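**Q** Sequence first, predicted coordinates after that:
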Amino acid sequence: MDLTLKIWRQANAQAKGKMVEYKVTGVSPDSSFFEMLDVLNQDLIEKGEDPVAFDHDCREGICGTCSLYINGRAHGPDSGVTTCQLHMRKFKDGDTIFIEPWRAKAFPIVKDLIVNRGAFDSIIQAGGYISVNTGGVPDANAIPIPKVNADAAMDAAACIGCGACVATCKNASAMLFVAAKVSQFANLPQGKIEAKRRVQNMVAEMDALGFGNCSNTYACEQECPKEISVSNIAKMNREFLSAKLCADVKDI
Amino acid sequence: MSNSLLNYASITKKISMSIIGLFLAAFLLVHLTINLMLLLDDGGESFRAAAEFMGKNPVIKVFEIILFSAFIIHILLGIILWFQNNAARPIGYQRANITKTSLMSKYMIHTGIIIFIFLGLHFIHFYFVKIGLVSGLMGEDGHPDFYNSALELFKQPLYVIIYIVSFLALGFHLNHAIQSGFQSLGWEHSKYTPAVKAISTIYALVISVGFTIIPLFILIAGK
Ligand code: HEM
Ligand code: SF4
Ligand code: FES
């Protein structure tokens, strides 16, 4: 496959970036998208140019490090996959591929296609945990949990924090991410103890970081590599409303 | 700190928006019922009776204040959300987003503004006449004659076009809005949500088609 790539190049956070065109030739349709970019970078290094900086780590869809907004879609043209799981067979010979970084006020660009997703860490620090005292290991079945709840919690916990939901949302809203993290705990008895505080603090942090509001366009659900459902957003809204109305003033 | 009711978070805004929006949507059905009386062949008797009831009843007077506040808050919140949402992505993409979405969800502010403009006209033609700010057609009893003013308006093709465009916009607004309002309130359930989505579309159709047939009928029947 011979391809034309248009890639966002930006030397650092302050620099003014622009789209730069590159040609890659002889790409195998069986290679992954990142292998294609590796070939391009090898080429650039050999020519003495600066290789394109992009985030990646596990390259098997579990770490959430990779990003890339490809041809108008977060994680590219395939659904339910991360960019590292995307293969070149999803493109045609002669295609022009636009590759851009995630765009959101809360995700500033570090270099080229790499953005700083530290905002997600701040949201987790605001409440995305449960406090457990150390001690003897409790029996695994000491607390009975209905299967539907366990499944719902597990589905929400599949979120890898990649940020595709923010990248694709017209409002750069982080609601799907925060909702996944809220409902993964809200579905389980262990999460109930801090539930009222958790949802309020995480939402407050999300707002403070400059993410947009949810317009229920449901674009996030379409692009989420882990197919996190927007029903988690409804659940978070329920949790939020009941916490806001009913939590004791001291429960914060 | 964030536990205070006054701390107006993103979700609080959306929840207010949806409660108010759903209230407005319910009111539209009442309004439509009264307007459909224009089509009755009784020389405007039922329409006048309904309009008079709306004009005199003290409960309705209180309701009117609630209704106005609802509109104002809904519109202000809509504009605030729109600004905040734009600010959340200061630099856009080179390639426009092509993700499949609930289509009208992207144009709520646009359909909203069309409805807002129509509301302005509607006030000039009816409400401002009622409170005596603007002069209009008067009946024999010295009260404004809304039956004949409505029929007069519907004889002007330009007005009818503006009217129909506005109600199309309202239909699109409602089609997304009702199911979205349920979602914002957290009223989402594996059993009921498919029905809510269907009802949302049916309700939007009933409202926009219901209002639109009135001038069309009057034009065709030549009242
Ligand atoms: C009778 C008229 C109207 C009705 C029944 C109505 C109803 C609704 C409802 C139920 C929602 C859903 C709330 C949610 O997403 O949770 C909504 C959203 C919205 N409405 Fe209206 N609305 C009306 C007029 C207007 C007007 C005049 C504007 C003018 C600016 C407007 C602007 C908006 C906007 C921008 C949203 C989307 C908010 C968002 O993206 O989060 N609406 N409307
Ligand atoms: S909800 Fe989905 S798209 Fe959003 S951060 Fe989690 S895995 Fe990524
Ligand atoms: S590199 Fe780990 S998910 Fe893509």
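**A** Received, thanks. Numbers count the residues shown, from 1 in each chain, chains lettered A, B, ... in the order given. Ligands and ions are numbered 1, 2, ... in the order given.

**Q** in the stretch 51-200 of chain A, which segments are predicted with low confidence?
**A** Within the stretch 51-200 of chain A, not a single segment meets pLDDT under 70.

**Q** can you give me the strands for it?
**A** Remark: strands assigned in the stretch 51-200 of chain A by DSSP state E, counting those that start in this stretch are A:69-70, A:73-74, A:96-100, A:109-111, A:114-115.

**Q** Please identify the most buried of those.
**A** Mean neighbour count (mean count of other CB atoms under 10 Å in any protein chain shown) peaks for strand A:73-74 among the strands of the stretch 51-200 of chain A, with a mean of 25. To be clear about C-beta, it is placed using only N, CA and C from the backbone, and glycine gets the same treatment.

**Q** for it, packing partners?
**A** With contacts taken as 3 or more CB pairs under 8 Å, 6 or more residues apart in numbering or on different chains; DSSP states H and E, strand A:73-74 sits against helix A:164-168.

**Q** Need the residues that contact the helix it packs on.
**A** With contacts defined as CB atoms under 8 Å, 6 or more residues apart in numbering or on different chains, helix A:164-168 is touched by A:67, A:69, A:73-75, A:102-104, A:106-107, A:172-177, A:211, A:219-220, A:222-225, A:228, B:97, B:99.

**Q** what do you get for stretch B:201-220?
**A** By CB under 8 Å, 6+ apart, stretch B:201-220 touches B:25, B:28-29, B:32, B:35-36, B:38-39, B:151, B:154-155, B:160, B:163-164, B:167-168, B:170-175, B:178.

**Q** Give me the buried entries from those.
**A** B:25, B:28, B:32, B:36, B:38, B:151, B:154, B:160, B:163, B:167-168, B:170-175, B:178 (16 or more other CB atoms under 10 Å in any protein chain shown).

**Q** quick one: which of the contacts of helix A:164-168 sit in helices?
**A** A:175, A:176, A:177, A:219, A:220, A:222, A:223 (DSSP state H).

**Q** Let me have those in CSV, adding neighbour count as columns.
**A** Formatted as CSV, the ones in helices among the contacts of helix A:164-168 follow (neighbours: other CB atoms under 10 Å in any protein chain shown):
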residue, neighbour count
A:175, 29
A:176, 27
A:177, 30
A:219, 28
A:220, 29
A:222, 19
A:223, 24
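
**Q** What is the three-state secondary structure of residue A:12?
**A** coil (DSSP: H, G, I helix; E, B strand; the rest coil).

**Q** ok, it touching residue A:108?
**A** No. Counting by CB atoms under 8 Å, residue A:12 stays clear of residue A:108, with 10.6 Å between them.

**Q** Counting neighbours, go ahead and name the busier of those two.
**A** Remark: of residue A:12 and residue A:108, residue A:108 carries more neighbours, 13 against 10, as counted by other CB atoms under 10 Å in any protein chain shown.

**Q** Please enumerate residues in contact with the lowest-mean-pLDDT helix or strand in chain B?
**A** Ranked by mean pLDDT, DSSP states H and E, the weakest helix or strand in chain B is helix B:128-130, scoring a mean of 81. Helix B:128-130 is contacted by residues B:55, B:134, B:135, B:136, B:144, B:146, B:149 when judged by CB under 8 Å, 6+ apart.

**Q** how much space between the residue of chain A positioned farthest from its centre and ligand 3?
**A** The C-alpha centroid of chain A is most remote from residue A:136, which lies 35.0 Å away (CA atoms, centre = their mean). Noted for residue A:136: a distance of 35 Å to ligand 3, by CB to the nearest ligand atom, to the nearest Å.

**Q** Residue B:98 now?
**A** 21 Å.

**Q** What is the neighbour count of that residue?
**A** 11.

**Q** Quick check, it in contact with residue A:76.
**A** No. If you go by CB under 8 Å, residue B:98 and residue A:76 don't touch, sitting 11.2 Å apart.

**Q** how distant is stretch A:98-115 from the center of its chain?
**A** Offset of stretch A:98-115 from its chain centre (CA atoms, centre = their mean, to the nearest Å): 13 Å.

**Q** and what of stretch B:95-114?
**A** That offset, for stretch B:95-114, works out to 18 Å (CA atoms, centre = their mean).

**Q** can you pull the buried residues of it?
**A** For stretch B:95-114, a neighbour-count test (16+ other CB under 10 Å) marks B:95, B:97, B:99, B:101-102, B:104-106, B:108-109, B:111-114 as buried.

**Q** for stretch B:216-223, same thing?
**A** Buried residues in stretch B:216-223 (16+ other CB under 10 Å): residue B:218.

**Q** Please put the alpha-carbon coordinates of it into CSV.
**A** Output of stretch B:216-223 as CSV, limited to C-alpha atoms (Å, rounded to 0.1, in the frame of the first residue of the first chain):
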residue,chain,number,x,y,z
LEU,B,216,-52.4,24.8,6.2
PHE,B,217,-56.0,23.8,7.0
ILE,B,218,-57.0,27.5,7.2
LEU,B,219,-55.3,28.3,3.9
ILE,B,220,-56.9,25.3,2.2
ALA,B,221,-60.3,25.5,3.7
GLY,B,222,-60.2,29.3,3.2
LYS,B,223,-61.7,30.2,6.5
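
**Q** For residue B:197, which non-adjacent residue is spatially closest?
**A** residue B:179 (4.8 Å; CB to CB, 6 or more residues apart in numbering or on different chains).

**Q** what packs against the helix or strand harbouring the one you found?
**A** For residue B:179, the host element (DSSP states H and E) is helix B:157-184. If contacts are counted by 3+ CB pairs under 8 Å, 6+ apart, helix B:157-184 sits against helix A:231-246, helix B:10-36, helix B:108-122, helix B:193-221.

**Q** ok, now how distant is residue B:42 from residue A:139?
**A** Residue B:42 sits 77 Å away from residue A:139, going by CB to CB, to the nearest Å.

**Q** Settle it for me: which of the two has more neighbours?
**A** Higher neighbour count among residue B:42 and residue A:139: residue B:42, with 10 against 7, using other CB under 10 Å.

**Q** quick revisit: pull out the buried members of the contacts of helix B:128-130.
**A** Counted by 16+ other CB under 10 Å, the contacts of helix B:128-130 give B:136, B:144, B:146, B:149 as buried.

**Q** Then the last one would be within a helix, right?
**A** Yes. Using three-state DSSP, the secondary structure at residue B:149 is a helix.

**Q** for the closest residue to it other than its chain neighbours, what are its contacts?
**A** Nearest residue to residue B:149, sequence neighbours excluded (CB to CB, 6+ apart): residue B:137, at 4.5 Å. When contacts are counted by CB under 8 Å, 6+ apart, residue B:137 touches B:144, B:145, B:148, B:149, B:152.

**Q** possible to save those as JSON lines with pLDDT and distance to ligand 2?
**A** What follows is these, written out as JSON lines (pLDDT from 0 to 100; distance: CB to the nearest ligand atom, whole Å):
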{"residue": "B:144", "pLDDT": "81", "distance to ligand 2": "55"}
{"residue": "B:145", "pLDDT": "84", "distance to ligand 2": "58"}
{"residue": "B:148", "pLDDT": "87", "distance to ligand 2": "58"}
{"residue": "B:149", "pLDDT": "88", "distance to ligand 2": "54"}
{"residue": "B:152", "pLDDT": "89", "distance to ligand 2": "55"}
